[in-house]
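# Give me a model of this one.
(chains A and B)
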Amino acid sequence: QKEVEQDPGPLSVPEGAIVSLNCTYSNSAFQYFMWYRQYSRKGPELLMYTYSSGNKEDGRFTAQVDKSSKYISLFIRDSQPSDSATYLCAMIGSGGSNYKLTFGKGTLLTVNP
Amino acid sequence: DGGITQSPKYLFRKEGQNVTLSCEQNLNHDAMYWYRQDPGQGLRLIYYSQIVNDFQKGDIAEGYSVSREKKESFPLTVTSAQKNPTAFYLCASNTGARDGYTFGSGTRLTVV
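Numbering: from 1, shown residues only, chains lettered A, B, ... in the order given. I've put the predicted structure just below:
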């Protein structure tokens, strides 16, 4: 079983739709959770950063972490064509000196005008 | 503005040739990373460095080499031993704590 599983999509939605992107993970040591957005032929950019369980909201974006289910989500409200990108989840544990992120493979999202 | 600069943006390599990809950061970050990205494969870690003059192999280090002589710089050499080097290469950095990475804009390497 891979440490982080992410449905690669592609996911295609109409403008204005609510988008739900998800990742599951197997390592219970993961405590810090991130979502990155990557436009085509560009480097990923950090979108959301959360610690442990709970919700975090930033504008149209909401990140949810459910550690009991080992499941994280990113919701995009009122989706726009400019949200079309690949979304990568990433996570890291809290112990030791290893600060490497573990990434999902990414979900390709297209928002159609 | 602080950030990571990767150069060149596009690079073409002939068979049997070594090429070096540049990565420079002015964020005062201690840790730097090199990833390779192929369609459908996600990000795969090549090498990483947490302090100057020290670096560790990632998951796919064969055919690659790095150096970390300065805090700001972490160049990646793709050697002739790397049999399938065509890919998108990404450099990243962070403070070395459990924060997110800052990525560069990438180098697309193509074998011709």
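
# From now on I want contacts and neighbour counts done on CA atoms only, so please keep to that.
OK.

# Stretch A:43-54 near chain B anywhere?
Yes - using C-alpha under 8 Å from any C-alpha of the partner chain, stretch A:43-54 reaches chain B at A:43, A:44, A:45, A:46, A:49.

# ok, which pair from the residues you listed is furthest apart?
A:43 and A:49 (17.3 Å; C-alpha to C-alpha).

# neighbour-wise, which of those two wins?
Applying other C-alpha atoms under 10 Å in any protein chain shown to residue A:43 and residue A:49 shows that residue A:43 carries more neighbours, namely 21 against 16.

# How many residues are close by the residue nearest to that one when sequence neighbours are not counted?
What sits nearest to residue A:43 in space, not counting adjacent residues and going by C-alpha to C-alpha, 6 or more residues apart in numbering or on different chains, is residue B:105, at 4.4 Å. By other C-alpha under 10 Å, 22 other residues sit near residue B:105.

# For residue B:105, give me its contacts.
Each residue near residue B:105 by C-alpha atoms under 8 Å, 6 or more residues apart in numbering or on different chains is listed here: A:41, A:42, A:43, A:44, B:4, B:5, B:6, B:9, B:90.

# got it, and residue A:52?
A:31, A:32, A:33, A:65, A:67.

# what residues does stretch B:42-50 touch?
A:103-106, B:30-37, B:55-61, B:64, B:66, B:68, B:96.

# can you check stretch A:70-88 too?
Contacts of stretch A:70-88 (C-alpha under 8 Å, 6+ apart): A:14-26, A:28, A:33, A:35-40, A:60-66, A:103-113.

# what's the spacing between that stretch and its chain's center?
7 Å (C-alpha atoms, centre = their mean, to the nearest Å).

# pull the CA atoms of it into PDB?
This file holds the C-alpha atoms of stretch A:70-88, laid out as PDB (Å, rounded to 0.1, in the frame of the first residue of the first chain):
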ATOM      1  CA  LYS A  70      -6.600   9.000   7.600                       C
ATOM      2  CA  TYR A  71      -8.300  11.200   5.000                       C
ATOM      3  CA  ILE A  72      -7.800  14.800   3.900                       C
ATOM      4  CA  SER A  73      -9.800  16.900   1.600                       C
ATOM      5  CA  LEU A  74      -9.600  20.200  -0.200                       C
ATOM      6  CA  PHE A  75     -12.900  21.900  -1.200                       C
ATOM      7  CA  ILE A  76     -13.100  24.700  -3.700                       C
ATOM      8  CA  ARG A  77     -16.200  26.800  -3.700                       C
ATOM      9  CA  ASP A  78     -17.500  28.800  -6.700                       C
ATOM     10  CA  SER A  79     -14.800  27.200  -8.900                       C
ATOM     11  CA  GLN A  80     -13.300  29.400 -11.700                       C
ATOM     12  CA  PRO A  81     -11.500  28.500 -14.900                       C
ATOM     13  CA  SER A  82      -8.300  29.900 -13.300                       C
ATOM     14  CA  ASP A  83      -8.600  27.000 -10.800                       C
ATOM     15  CA  SER A  84      -7.800  24.600 -13.600                       C
ATOM     16  CA  ALA A  85      -4.500  22.900 -12.500                       C
ATOM     17  CA  THR A  86      -3.100  19.800 -10.900                       C
ATOM     18  CA  TYR A  87      -3.600  19.600  -7.100                       C
ATOM     19  CA  LEU A  88      -1.100  17.700  -5.000                       C
END
